[in-house]
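In: below are the sequence and a predicted model; questions follow.
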Amino acid sequence: MMGLADQLLKAGLVDKNKVKVTNQNKSKQQKENRRSGTETVDEARLAAQELQRQNAEKARLANAQRDAAAQQKAIAAQITQMVQQNKQSKGHNGDIAYNFTFGTKIERIYVTPAVREHLVAGRLVIVGEGGSYELVPRVIADKIAERNPDIVVRVKQATTEVEEDDPYAAFKIPDDLMW
C-alpha cells in the first residue's frame, strides 16, 4: 500500500526534502507528546471515527428492524399453522347463526346446535384469521392469544352474580336466548 507522501512524490507535487522535513517534524511532535504525556488531537481521525460510529449505529438499527419483521412473519406463520392443524368443523349445513364481536364489528357464523353448545361452554373458541373465522379448541386458542391476542374472540361467560344497583336485576335472561 502506498502512503500519501509516496503518492505526492509520484505526482510531482512535493520533493524528497519536503517529505523528509515533514516526517521529521511529525516524529519530533510524537516524541514530544510521549515525553510530556499530552496527545495532539487529530480532528480528521476523530471525524472519521464519529462517521464510522454513526454508520455502525444505522446498520444496527436496520438489522434490528429486519429481525423484528422476520420475527413477526414467523409468528404469523406459527399462528396460521396452529389454526390449520387444529381447526374444528362448524358442522355441515349449520343452521344456527352464532353472533360474536370481533374488534368493533358484530360478525356471524352458522353452526350446528352441538357446535354452538361447545362455543357457549368455552370448549371451542373463534379465531379470526385472513378474513375468515375458524373454530379451535381452547388450549390452542390460548397459545394463539400468547402470540397475537387481537385475533382470538373471547366469549364472555354468563355470570349469575347480580349487582346491587342493577335496574334489570328482576329480569332474568333465558339460557336459550340467541341474539
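Out: Looks like it arrived, so ask away.

In: strands of this structure, residue ranges please.
Out: Under the criterion DSSP state E, the chain contains strands at 96-102, 105-111, 124-129, 132-137, 152-153.

In: other SSEs contacting the longest helix along the chain?
Out: Scanning the chain for the longest helix, with DSSP state H as the assignment, gives helix 43-86. On a contact count with 3 or more C-beta pairs under 8 Å, 6 or more residues apart in numbering; DSSP states H and E, helix 43-86 meets strand 124-129, strand 132-137, helix 138-147. Where C-beta positions appear, they are placed from N, C-alpha and C, glycine not excepted.

In: which one of these lies closest to residue 57?
Out: Closest of these to residue 57 is helix 138-147, at 30.5 Å (criterion: C-beta to C-beta).

In: got the CA positions of that closest one in CSV?
Out: In CSV, the C-alpha atoms belonging to helix 138-147 read as follows (Å, rounded to 0.1, in the frame of the first residue of the first chain):
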residue,chain,number,x,y,z
ARG,A,138,-59.5,-23.5,23.9
VAL,A,139,-56.0,-24.8,24.5
ILE,A,140,-54.9,-23.9,21.0
ALA,A,141,-56.7,-20.5,21.3
ASP,A,142,-54.7,-19.8,24.5
LYS,A,143,-51.4,-20.5,22.6
ILE,A,144,-52.5,-18.3,19.7
ALA,A,145,-53.5,-15.5,22.2
GLU,A,146,-50.0,-15.5,23.6
ARG,A,147,-48.7,-14.6,20.1
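
In: give me the buried stretch members for that helix, please.
Out: 140, 141, 143, 144, 145 (16 or more other C-beta atoms under 10 Å).

In: who's in contact with the spatially closest residue to residue 107 that is not a sequence neighbour?
Out: In this structure, residue 107 finds its nearest non-sequential neighbour in residue 100, 5.8 Å apart by C-beta to C-beta, 6 or more residues apart in numbering. Shown in contact with residue 100 (C-beta atoms under 8 Å, 6 or more residues apart in numbering): 106, 107, 108, 109, 126, 153, 155.
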